[in-house]
Every structure is written in structure tokens, then in C-alpha cells.
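# Curious how this folds, go ahead:
(one chain, ligands or ions: 1)
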Amino acid sequence: MPRWLLAIIALLAAALAGVGGLLLYTGTPLMEIMTLLASDAVVELRKDMRPARADGPRVLVVALDGVGADEFRDAMRSGGMPHVSALLGAEIDSAGGLFAHGLAKQNVLSILPSTTYAAWTSVYTGEPVGETGVAGNEWFDRETMAFVAPAPVSVREHGDAVRVYSDSLLHRWIAVPTLFERADVRSYVTLAAQYRGADLLVRPDAGSFARLAASFASGVTDDDSDWEAYSALDQAAVTETLNAIEKHGIADLQVVYFPGVDLFTHVADSALREQEHYLTTVVDAAVGRLLGAYRSHGALDSTYVLFVSDHGHTPSIADDRHALGAGDAGGPADALKAAGFRVRPFELETEDAAYQAVLAYQGALAYVYVADRTTCPNSGDRCDWTAPPRYTEDVLAVVRAFDAAGGTGRNAEKLDGAIDLVFARESRGVQPAGPFKVWDGDSLVSVSAYLAANPRPDLLDLERRLEGLAVGRYGHRSGDVLLLSRYREQDPETERYYFAARYRSWHGSPSRQDSEILFTLARPGSTGAELHGIVQAAIGEQPSQLDVTPLILKLLKR
Ligand SMILES: [Zn+2]
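Numbering: from 1, shown residues only. The predicted model follows:
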């Protein structure tokens, strides 16, 4: 199709979607917008889709973004999720999470960061950040000097969020095989960004998605508490999924991702209560429509239905004091500048290539990337980012700057009392990275030694999860210095701080509330005890987020 025709189609589509639809595409190259706008919601990803198996077991994954295990259970127990409750059947043993036809695994932890893009990539690969290469909602890549922001936090431009669907953005960054590649069965994916290897993709409506992405990047605004736009995204995706099933039949593996519930929770007035309300009002009905389609095809009894999430949410205060976000005076960049670093501007793409430090935000965590400043001493010099920074003069200089700022607000007044822990390591440049250590105020010590001297039972499974974040071929994408903001579940909201613009709720930390994910399996044709036996044999008694892919492969007998 010629470009001029695409342009006309795009303009017509934008006009139909409302003028605002087009205006909000700031920062995205026009061709990509046009491609997305002009293209179908349902995309066949292969010339010939894999044939569905005649009698192999099927799996339906209901992927609920940002839904904590507690919130899902409470919504169910309130009686407000009749479709999900009917699927699971009567609760038999609440402590063991056993239902007549379901099993709700408890105390299942996310990876670190407990943040969307990194966590879902681990869900769909079974590998942690150090191996997947998808380090968070945004990250810096030393090898290419690219700043990547599929869910922008420190930057405002949402071009990468659109490229996730228009240009398969994540697929060039995911360094390990996906579930869909490994399972090698007919797979349909609705809205999930990690669809490499699937047969069919349902994409979001371009107009509403870009509006939501822009809204997310700019934080809480006055008209956010209305969930219409968020639920429209989730509901339209289910409608398109049902259309795809009608046209092509049921797949062996179907993923349906609900991003709206998370986006809404970030801005809702009373985040956790509103999230439960969203589950009972929007999600349950949507799940009911999906299950109804399986039932009408005679496939429900034999289908494993897995409810899974990427992280939970912890309420926060949406003001400039608690939002340590981008570019504000007295924020993290000022601590770096005062230590003599030229800091990369908070822009998705920047003309300034002479920076010596980069910040990438993940809510309760922030990554700081540091260059060897001897490779770029003068203003205008481009640093050699493939080389590791010097330990004392570059890495420890950053650690000391944030230690001082967190203790007294020195050079960055917003950080006063807002930093919980500072982690760092001896950088290896672009070589496979080693583990983070903790700054104890005097030197860097191992995580285990630090916790032995300073018990922190609120930081769940910290050493193992930090290792998954830091160690591996792409461990360098989580930075040379790692900041954990003070974002403790046990503190009042007034004492919680986060690296982002203003929101009413965030996540990213190793705390229970941020980390405990939904992990519930159901199958009408199986008893809960049978499901328990299957799960136990496949992934053991205490699985983590990294066990989702192994479990699905086992259920599919792959
Ligand atoms: Zn999320």
C-alpha cells in the first residue's frame, strides 16, 4: 500500500477515533502510527498457522496485570466474581488454596523488579532479567546506547509503547526463547507484548491504547478515576479474541492479557479497593465471556485455565514530595550532577550523546548506569559505554552521592529520607554481570552478610531475586548502581517514595504487597487434588513466577 494511502486511512481512522486520538501520538514517527491505525486488530503472525492438535490438552492463560494474590482472593470471597468462582468450584481448604476444581498457590513471588515488562517477560520465558534482557518498564543498553521504554516511567514519550504492537519492539530485546516458541503448538496471544513465536495476535485499538499510554506516562491527572477508558481496552480485547476464536477455532494455547486493571489501579482514588471493584465489575464478566466461548465449543472441561499476574500494588501519595520522578529539581539527577556526572536527559531519544550517567525508573527501584569518565572527560565527549566504569572513581562516587542525598538531602533535597538501600557492584561493562552488593554506609558487603547484621524480613527472598536481576549475559541492563526507594508496606503512605511521576499506587520493590502474585489453576474436568498433584510434580511445592512457563509446557505435554 502506498504511503499516501496509508496516511489518508490513518487520518480517517484518527478522525473516527476522535481528534484527541491523533494529537496524543506526540513523539511517535508517523509511519508507525499509520501502520498501527491502518492495520487489523487481529493479525496472523505466520503464513500458515500451526494446526490445532486434535486431542492434546489446552491451556488458557488469563493474565491480569498488577493484580495481587490478596486482592484477587478478596474479590472472589466477596462473591463478586461468579464466573471465576463457578470455574474453581467450592473452596475445600482455604489454607492450602484448594478448590473443588482449582488450586490457588500462595506466597508465589514475582521476579525483581516487580514491574510489568520485566515480570511478564519472565512469565513467558521462565528466565530472570539477567538472561531475558528485558530489565524493566524502561532500561538503557550499554551495547547500543539505546534507551528503551515500552512503558515509559522517567520519559514522557510513548513511542516505544506503540512500537510494542506496531513493530514487535520487545522481540529484538528478549534474548531467550519464549513460551510460544518452546511449546510449538497453535497459540493465540491477546495484547501480551511477548508474542514472538505465536500464531495469532490480537492488538489493542490504536487510538485508545495511545491515549492510555500517554496518560500513564504523565501520571495522575484530574480525570483519571473514571475507569471507562481502561475497561474499554480490556473488553475490546476480549471481543476481538472471541472473533478470532469464531473464525479460526480454539488454539492449543491462548493468552488473554488484561492491562487495563493495572493502569487503572495506578491512578484510582483508593487503589486496592478500586482494584477489587474492577475485578468484580469488569474482569469477571470478561472471563465469563471467554469461558462461555470454550464451553460452546465443548472445550471447557478439558482446558487448564491459569490465572497469573506480574506483580501487586502498594498505595502511594500522588504528590511531588513522594514522586521522585523525572526532571524535578532536587531529584535523583541532581545528586549525580553534583557528583560531577553529565546525566542523560529524560528523553526517549536524545541529541545529547555526551552523557556519563543514565537513570531508568521502575517505581520502587531505579537503575543508574555509569560510564568510565576517563573515556569522555570533556563536555561533548561521547563515553565508551562498552567499557566498565572505574570502581572507585565512578561507581563508588555514585553510591556515595546517593547515600548522602538519602541521609540528609545533600544536593538532592527530595531524596532526604527517601532512599531505603543502595546496591552496587564491580561493573564488567557489556560482559556477563555479577551480583549486587549492599552499601552499609561504609563499604559494599554481600546481601547475605548485610541481612545477617540488619534483618529485613520485609524484603522477601532478596538475595536470590536480586541475583536473578543482576547476574547473567544481560545483567548489565539493570545498571551499575541500584536504588531501592523507601517503599515499605509497614510504613504509612506518607513515608513511601517512588521513582516515577505522581501516582496513587506503585510497585517494583521486593515487599510482600508488591511481590505476591496471582497463581491459580483450574480445570472443570479435574479435582483440586489432581491439579495439586500435577503442579507439585511439574514445579514443586513452592513455585515462583519463573515456573509459569515450565508449568504450561508440562500441561501441554511439551
Ligand atoms: Zn504490571
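
# Now do the contacts for the closest residue to the ion within the chain.
In the chain, the residue that lies nearest the ion is T116 (3.1 Å; C-beta to the ion). For the C-beta atoms, the positions are set from N, CA and C on the backbone; glycine is no exception. T116 is in contact with D65, G66, N137, A151, D262, D310, H311, counting by C-beta atoms under 8 Å, 6 or more residues apart in numbering.

# just D160 next, same as before
Counted by C-beta under 8 Å, 6+ apart, D160 has contacts V148, A149, P150, P152, L169, L348.

# filter the residues you listed to the buried ones?
Neighbour counting by 16 or more other C-beta atoms under 10 Å classes V148, A149, P150, P152, L169, L348 among the contacts of D160 as buried.

# What number of residues are in the vicinity of the closest residue to N107 other than its chain neighbours?
Among residues not flanking N107 along the chain, E516 sits closest, at 6.6 Å (C-beta to C-beta, 6 or more residues apart in numbering). A count of nearby residues for E516, using other C-beta atoms under 10 Å, gives 22.

# A449 now?
Residues near A449, counting by other C-beta under 10 Å: 12.

# same deal with the one 5 residues further on?
N454 is flanked by 11 other residues according to other C-beta under 10 Å.

# ok, back up a step: reformat the contacts of D160 as JSON lines; add secondary structure, distance to the ion and pLDDT.
Compiled in JSON lines, those are given as follows (DSSP: H, G, I helix; E, B strand; the rest coil; distance: C-beta to the ion, whole Å; pLDDT from 0 to 100):
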{"residue": "V148", "secondary structure": "strand", "distance to the ion": "17", "pLDDT": "98"}
{"residue": "A149", "secondary structure": "coil", "distance to the ion": "15", "pLDDT": "97"}
{"residue": "P150", "secondary structure": "coil", "distance to the ion": "11", "pLDDT": "96"}
{"residue": "P152", "secondary structure": "coil", "distance to the ion": "14", "pLDDT": "94"}
{"residue": "L169", "secondary structure": "helix", "distance to the ion": "17", "pLDDT": "96"}
{"residue": "L348", "secondary structure": "coil", "distance to the ion": "20", "pLDDT": "97"}
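
# can you tell me which of these lies nearest to P543?
Proximity of these to P543 (C-beta to C-beta) peaks at P150, which lies at 26.1 Å.

# ok, the closest one - contacts?
So P150 contacts Y117, N137, E138, D160, A161, R163, V164, L169, L170, A193 (C-beta under 8 Å, 6+ apart).

# rerun at 7 Å
If you count contacts by C-beta atoms under 7 Å, 6 or more residues apart in numbering, P150 has them with Y117, N137, D160, A161, V164, L169, L170, A193.

# just the buried members of those residues?
Y117, N137, D160, A161, V164, L169, L170, A193.

# Does the fourth one touch A214 like I think?
No - with contact defined as C-beta atoms under 7 Å, A161 does not reach A214; the gap is 8.6 Å.

# what about the helices in the stretch 451-558 of the chain?
462-470, 512-515, 528-539, 548-555 (DSSP state H, counting those that start in this stretch).

# what's the most buried one of the ones you listed?
helix 512-515 (a mean of 26; mean count of other C-beta atoms under 10 Å).

# which residues are contacting it?
Under the criterion C-beta under 7 Å, 6+ apart, residues G68, L109, S110, S114, H311, G312, T314, A364, L460, E489, H507, G508 lie in contact with helix 512-515.

# Buried by neighbour count, from these: which ones?
Looking at these with 16+ other C-beta under 10 Å, the buried ones turn out to be G68, L109, S110, S114, H311, G312, T314, A364, L460, H507, G508.

# ok, the residue lying closest to the fifth one once chain neighbours are set aside - contacts?
Nearest in space to H311, with sequence neighbours left out and distances taken as C-beta to C-beta, 6+ apart, is S114 at 3.8 Å. Remark: with contacts taken as C-beta under 7 Å, 6+ apart, S114 is in contact with H311, H507, G508, S509, D514, S515.

# Over to the first one. Which of the three states is it?
Local secondary structure at H311 is given as coil here, using DSSP: H, G, I helix; E, B strand; the rest coil.

# Read off the pLDDT value for the residue of the chain most remote from its centre.
Of all residues in the chain, N378 has its C-alpha farthest from the mean position, at 37.3 Å, by C-alpha atoms, centre = their mean. In this prediction, N378 carries a pLDDT score of 97.

# which stretch of helix or strand covers it?
Counting by DSSP states H and E, no helix or strand carries N378.

# if we can go back for a sec, A333: which of the helices of the stretch 451-558 of the chain is closest?
Closest among the helices of the stretch 451-558 of the chain, using C-beta to C-beta: helix 462-470, at 22.6 Å.

# and the closest one, what does it pack onto?
Counting contacts by 3 or more C-beta pairs under 7 Å, 6 or more residues apart in numbering; DSSP states H and E, helix 462-470 is packed against helix 129-132, helix 447-453.

# Between the two ends of stretch 247-261, how far is it?
28 Å (C-alpha to C-alpha, to the nearest Å).

# And stretch 341-354, end to end?
10 Å.

# And that stretch, how far out from the chain middle?
Chain-centre distance of stretch 341-354: 24 Å, with C-alpha atoms, centre = their mean, to the nearest Å.

# go on, stretch 508-524?
13 Å.

# does the ion sit close to it?
No - judged by C-beta under 5 Å from the ion, stretch 508-524 and the ion are separated, with a smallest distance of 9.7 Å.

# average pLDDT across that stretch?
Stretch 508-524 comes out at a mean pLDDT of 98.

# what does stretch 452-468 give?
98.

# Mind listing residues that contact that stretch?
For stretch 452-468, using C-beta under 7 Å, 6+ apart, the contacting residues are 109, 111-112, 128-130, 435-436, 447-448, 451, 488-490, 510-512, 515.

# make it 6 Å
Applying C-beta atoms under 6 Å, 6 or more residues apart in numbering, the contact partners of stretch 452-468 are 109, 111-112, 128, 435-436, 447-448, 488, 510-512, 515.

# what about L112, which SS state?
Under three-state DSSP, L112 comes out as coil.

# any idea how far T221 is from it?
Using C-beta to C-beta, to the nearest Å, L112 is found at 30 Å from T221.

# More neighbours: the two, which one.
In this view L112 and T221 are compared by other C-beta under 10 Å, and L112 has more residues nearby, 35 against 11.
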